[in-house]
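Visitor: here's a sequence, model it:
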Amino acid sequence: MPNYYVVMADVIASRSRDPQQLMREFENLVGTANTVFSEGILSPLTITLGDEFQGVLSTLLDAVKVLIWLEDARTWAF
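Guide: As a prediction, this is how the structure comes out:
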């Protein structure tokens, strides 16, 4: 049976941000990640509770790539 990798995270200090602006930027970030990494994503990254997301990746390498990309993109998006 193959291994799959679940990625779950939330936005740090989200309460200190304007909620509407945060959601616009967060939705854009997650949507872009789903497009850029579509080949390695089995279940798309999905915003679950406003400032949290989760998704399922096919390999550990795909999961690491997505996490590093999100961390890097976060510095300009948030």
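Visitor: quick one: which helix or strand includes the residue nearest the centre of the chain?
Guide: The centroid of the chain falls nearest to residue 30 when counting by CA atoms, centre = their mean (4.8 Å). Element membership for residue 30, per DSSP states H and E: helix 19-36.
Visitor: I figured the residue nearest to the centre of the chain was touching residue 48, is that so?
Guide: No - using CB atoms under 8 Å, residue 30 is not in contact with residue 48, being 10.5 Å away. No exception for glycine: its C-beta is placed from N, CA and C like everyone else's.
Visitor: low-confidence ranges in this structure?
Guide: 75-78 (pLDDT under 70).
Visitor: all strands of it, in order?
Guide: Along the chain, the stretches classed as strands by DSSP state E are 5-10, 41-47, 52-57.
Visitor: list the contacts of the first one.
Guide: Pointing back at strand 5-10 there. 45, 49, 51-60, 62-63, 66-67, 70 (CB atoms under 8 Å, 6 or more residues apart in numbering).
Visitor: which of the residues you listed are buried? Put it as a PyMOL command.
Guide: The buried residues among those can be selected in PyMOL (16 or more other CB atoms under 10 Å) with this line:
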select buried, resi 45+51+53+54+55+56+57+58+62+63+66+70
